[in-house]
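Chemist: Only the shape, not the letters, is given here:
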């Protein structure tokens, strides 16, 4: 199951709780590039691309 499939399978309450927990730059937690742009001196601003990659990855049951 991909992360996208996992999100689709959430109940309304689960999705609401998930979205409520997001803060500024929380999307870095859901990036296939592991927040490299945030953790280095180089600026790699392909946030949407990183998020799209994350959605296609297999979901790990112990993450979020």
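Modeler: Yep, that arrived. Note that the coordinates shown come from a computational prediction; the quantities given were computed from them, not determined experimentally.
Chemist: Return the backbone torsion pair for residue 2.
Modeler: Here is the backbone geometry of residue 2 (degrees, to the nearest 10): phi -80, psi 170.
Chemist: Which residue, other than its chain neighbours, is closest to it?
Modeler: Spatial nearest neighbour of residue 2, excluding adjacent residues (Cβ to Cβ, 6 or more residues apart in numbering): residue 56 at 5.7 Å. All C-beta atoms are positioned from the backbone trio N, CA, C, and that covers glycine.
Chemist: how much space between that neighbour and residue 5?
Modeler: Distance of residue 56 to residue 5, given as Cβ to Cβ, to the nearest Å: 10 Å.
Chemist: And residue 51, by the same measure?
Modeler: For residue 51 relative to residue 5 (Cβ to Cβ), the value is 15 Å.
Chemist: Could you check which of these two is surrounded by more residues?
Modeler: Per other Cβ atoms under 10 Å, whichever of residue 51 and residue 5 has more neighbours is residue 51, with 17 against 12.
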